[in-house]
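S.K.: With the sequence up front, the predicted model follows.
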Amino acid sequence: MSFPKKIVFYFLLLFSAFLLFFPVMYAFMISFMTGGEIMQGKFFPQTFTFDNYFRVFERLPLMKYLINSFVVSAGVMIGQLIVCSMAAYAFVFISFKGRDFIFFLFISTMMIPWEATMIPNFFTIQKLDWTNTYQGLTVPFFALAFGTFLLRQHFKTIPKELFEASQIAGLSRFAFFWRVILPVSKTSLVTLGAYGFLTTWNMYLWPLLVTNNDQVRTVQIGLKQLQSQEVATEWGVVMAGVIVVIIPTLLLLFIGQKQLQKGLTQGALK
C-alpha cells in the first residue's frame with residue numbers, strides 16, 4: 001500500500017472510531033456538568049466534579065443493581081458455556097440417527113424473534129414460581145443456538161483421530177470432552193463467554209418482566225428509574241449512572257478484543 005493510500009486509510013479509521021466512540025465521550029462529559037451547562041449545549045464542563053456520581057448512588061441502590069447484574073450475567077455465561085459446549089460436542093463426536101436434522105432444527109430457532117418466545121417463557125417462569133429470583137433471570141438463556149453453532153464449527157476442526165485414539169486409550173466420552181476438547185477450545189469458549197456476559201448485562205426487557213422489586217433487579221432497570229423519578233430529568237445524574245454501568249463492558253471488550261476476534265474466525269477455516 002502506497003503512502004498516500006495509507007494516510008487516507010488511517011484517516012478513515014480514525015474518523016470511524018471517532019463517530020462510534022463520540023456518544024460515550026459525550027456522555028462522559030455530561031456526567032460532570034450541571035443542569036445549566038447541559039442546557040447551554042456545552043461539550044466540556046467548567047469544572048470536573050463527582051457530584052453527579054455521588055447523587056446517583058444516593059438516589060438508587062446502584063451497587064445492589066450492579067451486583068445483581070454481575071451475578072445474572074456470570075450465571076448466564078457459565079450456563080451457556082456448559083450447555084452449548086456439551087451440545088456441540090454431541091453434534092460432532094457422538095453419532096446418532098437424525099443428528100444433522102436435529103442440529104439444523106436447533107439452529108433454525110435463531111430465526112425466531114426473542115419477543116415471540118417471551119410470553120411462553122414468562123408463563124413457564126411464573127408456573128415454576130421463579131419470578132424475582134436469579135434462576136428466573138438466567139435459566140431461560142442457557143440453551144443458545146448461536147453458541148452451539150460457534151463451538152460446533154470449532155470442534156469440527158479437531159481431528160477425529162484424537163477421538164479414536166482416546167477410545168483406544170480407554171478414555172470415556174466425558175473424559176475426552178473434559179481433558180482434550182475443552183483445553184484446545186479456550187479461545188472459542190472465551191468468545192462465547194464474553195458474548196453471553198455482554199448480552200445479558202445489557203438486557204432490559206426480560207428483567208423488567210420477571211421482577212417487581214429491587215431484590216434482584218439489574219442496572220438497566222435502575223437507569224430507567226433515574227429518568228422517571230422526577231418530571232425534569234437531571235441528565236448529568238443519568239449520564240453518571242450510564243458511565244458507571246458501561247465501565248465493566250468496556251473493560252471486558254478492551255481486555256478480550258483479540259480473543260473475541262480470534263474466536264469468531266477460528267472455526268471459519270480448517
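M.R.: Now that the structure is in, tell me what you want to look at.
S.K.: any weak-confidence spans in this structure?
M.R.: 1, 228-232, 256-270 (pLDDT under 70).
S.K.: Looking at it, which helix is longest?
M.R.: helix 62-93 (DSSP state H).
S.K.: Packing partners of the helix or strand following it?
M.R.: For helix 62-93, the succeeding helix or strand toward the C-terminus, using DSSP states H and E, is helix 99-108. If contacts are counted by 3 or more C-beta pairs under 8 Å, 6 or more residues apart in numbering; DSSP states H and E, helix 99-108 sits against helix 62-93, helix 145-155. Just so you know, the C-beta spots here come from the backbone N, C-alpha and C atoms, and that holds for glycine as well.
S.K.: Run a quick neighbour tally on Val24.
M.R.: Residues lying near Val24 (other C-beta atoms under 10 Å) number 13.
S.K.: What helix or strand is Pro120 located in?
M.R.: Counting by DSSP H and E, Pro120 is part of helix 114-127.
S.K.: buried sites along that helix?
M.R.: The neighbour-count check on helix 114-127 (16 or more other C-beta atoms under 10 Å) flags Asn121, Phe122, Ile125 as buried.
S.K.: Show me what the longest helix of the chain is packed against.
M.R.: So helix 62-93, by 3+ C-beta pairs under 8 Å, 6+ apart, packs with helix 99-108, helix 134-138, helix 145-155, helix 186-201, helix 219-228, helix 235-255.
S.K.: try 6 Å this time
M.R.: The contact analysis (3 or more C-beta pairs under 6 Å, 6 or more residues apart in numbering; DSSP states H and E) places helix 62-93 against helix 134-138, helix 145-155, helix 186-201, helix 219-228.
S.K.: now could you export just the CA positions of the third one as CSV?
M.R.: What that stands for is helix 186-201. The C-alpha coordinates for helix 186-201 follow below in CSV (Å, rounded to 0.1, in the frame of the first residue of the first chain):
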residue,chain,number,x,y,z
LYS,A,186,-10.2,-22.0,25.1
THR,A,187,-10.4,-19.2,22.5
SER,A,188,-13.9,-20.1,21.3
LEU,A,189,-15.1,-20.6,24.9
VAL,A,190,-13.8,-17.1,25.9
THR,A,191,-15.6,-15.6,22.9
LEU,A,192,-18.8,-17.3,23.8
GLY,A,193,-18.4,-16.3,27.4
ALA,A,194,-17.8,-12.7,26.6
TYR,A,195,-20.7,-12.6,24.2
GLY,A,196,-23.1,-14.1,26.8
PHE,A,197,-21.9,-11.8,29.5
LEU,A,198,-22.3,-8.6,27.5
THR,A,199,-25.6,-9.6,26.0
THR,A,200,-27.0,-10.4,29.5
TRP,A,201,-25.5,-7.2,31.1
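S.K.: Please tell me how far Val245 sits from Tyr204.
M.R.: Applying C-beta to C-beta, to the nearest Å, the value for Val245 to Tyr204 is 11 Å.
S.K.: if you count what's nearby, which of the two comes out ahead?
M.R.: Val245 (21 against 13).
S.K.: Contact partners for that one?
M.R.: The contact partners of Val245, by C-beta atoms under 6 Å, 6 or more residues apart in numbering, come to Val219.
S.K.: at 8 Å what do you get?
M.R.: By C-beta atoms under 8 Å, 6 or more residues apart in numbering, the residues touching Val245 are Leu66, Val219, Gln220, Leu223.
S.K.: Just confirm Val242 contacts Gly222, I think it does.
M.R.: No - Val242 sits out of contact with Gly222 when judged by C-beta atoms under 8 Å, with a separation of 10.6 Å.
S.K.: Quickly note the distance from the closest residue to Leu128 other than its chain neighbours to Leu253.
M.R.: Spatial nearest neighbour of Leu128, excluding adjacent residues (C-beta to C-beta, 6 or more residues apart in numbering): Gly136 at 7.7 Å. To Leu253, Gly136 is 28 Å away according to C-beta to C-beta.
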